[in-house]
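Undergrad: Predicted model and sequence below, questions to follow.
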Amino acid sequence: MTIIPAVNMVLNLGFGDDATHTKSVPDANKVRQFQELQFPIRHPKVMIRNAGLEGELVVSSQFCVKAAGKIQRKLSLWAKKLKTLVD
């Protein structure tokens, strides 16, 4: 199971003209606003499995693992080619 907080705990400052990748500022209605957790934390009385969301998270994490493996293999090949040029 995945635990998702009731509020958005991430404040992304990386939007705007001086940003590296996110030059355009997103629509404020589409971005969840940062909020602090309220203490004491109240745990839900009932938990319901969201199989659809879990499936998306699994696919996303598998994609990241596969992409990381491809990048690692390409870097290894590049390093070998560079070594033959240096030697």
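TA: Structure's in. What do you need?

Undergrad: Could you use CA atoms for every contact and neighbour count after this?
TA: OK.

Undergrad: quick one: low-confidence parts of this structure?
TA: Within the chain, the stretches with pLDDT under 70 are 1-2, 12-13, 16, 25-32, 59-61.

Undergrad: show me where it has helices.
TA: Per DSSP state H, the chain carries helices over the ranges 51-86.

Undergrad: Next, count neighbours for Val7.
TA: When neighbours are counted by other CA atoms under 10 Å, Val7 registers 13.

Undergrad: Which residue, other than its chain neighbours, is closest to Gln33?
TA: Asn8 (6.5 Å; CA to CA, 6 or more residues apart in numbering).

Undergrad: can you pull up the bridge partners for that neighbour?
TA: With DSSP bridges as the criterion, Asn8 is bridged to Phe34.

Undergrad: show me the contacts for it.
TA: Arg32, Gln33, Phe34, Gln35, Glu36 (CA atoms under 8 Å, 6 or more residues apart in numbering).

Undergrad: Which of those sits closest to Gln62?
TA: Set against Gln62, the nearest of the contacts of Asn8 by CA to CA is Arg32 (25.8 Å).
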